[in-house]
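K.L.:
Quick check, what structure comes out for this input:
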Amino acid sequence: MNAHASRVGLLVDDDALYLRTLQRSLARHGVETVVASDPASALSVARQSRPDFALIDLKLGHDSGLALIQPLRAIRADMRILLVTGYASIATAVEAIKLGADDYLPKPANIPTILRALGEDDEELPEAEGEEDTTPEMMTPLSRLQWEHIQQALHETGGNISAAARLLGMHRRSLQRKLTKRPSPGR
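P.N.:
Okay, here's the model as predicted:
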């Protein structure tokens, strides 16, 4: 039995394939997890299993993973809470930390990065038998950061494109063109 076997984590993501892949990868490293795909089921599962940590996606359909931070902290004050997102931005990172998240990771976060964020030392990280994780650390692409910055401006202006353009210091038509070019989570 390794150092992770007694830990139970909650994985919350609306992407079923990503959720299953992450759960299997963590299991290969001896980390037991329970899963949920929306905020209501996440809270229900957390009340039942009282996990040691939660890995929460920022975007859960039309909901925000940010809304789960405080209710999960109320269920278990010492729960380690990690927010992961393909829409990383300074604004959402600051908001997540203010709400009580312990860490904020851009997708795709590899298993060693996740385990380090959970407080594991590199020497303690077991390799799954016959497998070596060679996934490089990925920085969030500039197009994704720009998109998230635009979304933050739109949020702050109540969706008013003209006001958001003024806030961003750009012409309204330029902003409208950028809005038609939404980057994929991987770009």
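
K.L.:
Pretty sure Pro108 sits in a strand.
P.N.:
No - assigned with DSSP: H, G, I helix; E, B strand; the rest coil, Pro108 falls outside any strand and is coil.

K.L.:
which phi and psi does Ala101 have?
P.N.:
Torsion angles at Ala101 (phi, psi; degrees, to the nearest 10) stand at phi -70, psi 150.

K.L.:
Check what pLDDT the spatially most central residue of the chain gets.
P.N.:
Centroid check for the chain by CA atoms, centre = their mean gives Val84 as the closest residue, at 1.3 Å. pLDDT for Val84: 90.

K.L.:
again, but for Ala5
P.N.:
pLDDT at Ala5 comes out at 47.

K.L.:
What is the least confident helix or strand in the protein?
P.N.:
helix 142-156 (a mean of 75; mean pLDDT, DSSP states H and E).

K.L.:
helices and strands around that one, which ones?
P.N.:
helix 90-99, helix 161-168, helix 172-179 (3 or more CB pairs under 8 Å, 6 or more residues apart in numbering; DSSP states H and E). Every residue, glycine included, has its C-beta placed from N, CA and C.

K.L.:
The last one: which residues count as buried?
P.N.:
Along helix 172-179, the positions that meet the burial threshold by neighbour count (16 or more other CB atoms under 10 Å) are 175, 178.

K.L.:
Taking helix 142-156 as reference, get the angle to it.
P.N.:
120 degrees (axes from the mean of the first three to the mean of the last three CA atoms, to 10 degrees).

K.L.:
which residues sit against helix 172-179?
P.N.:
When contacts are defined by CB atoms under 8 Å, 6 or more residues apart in numbering, helix 172-179 is touched by residues 146-147, 150, 161-162, 164-165, 168.

K.L.:
and that helix with helix 161-168, angle?
P.N.:
With the same axes, to 10 degrees defining the directions, helix 172-179 sits at 90 degrees from helix 161-168.

K.L.:
hey, C-alpha coordinates of helix 172-179 in CSV?
P.N.:
The C-alpha trace of helix 172-179 is given here as CSV (Å, rounded to 0.1, in the frame of the first residue of the first chain):
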residue,chain,number,x,y,z
ARG,A,172,-16.2,47.5,-30.6
ARG,A,173,-15.9,45.9,-34.0
SER,A,174,-12.5,44.5,-33.1
LEU,A,175,-14.0,42.9,-30.0
GLN,A,176,-16.9,41.5,-32.0
ARG,A,177,-14.3,39.9,-34.4
LYS,A,178,-12.4,38.3,-31.5
LEU,A,179,-15.7,37.0,-30.1
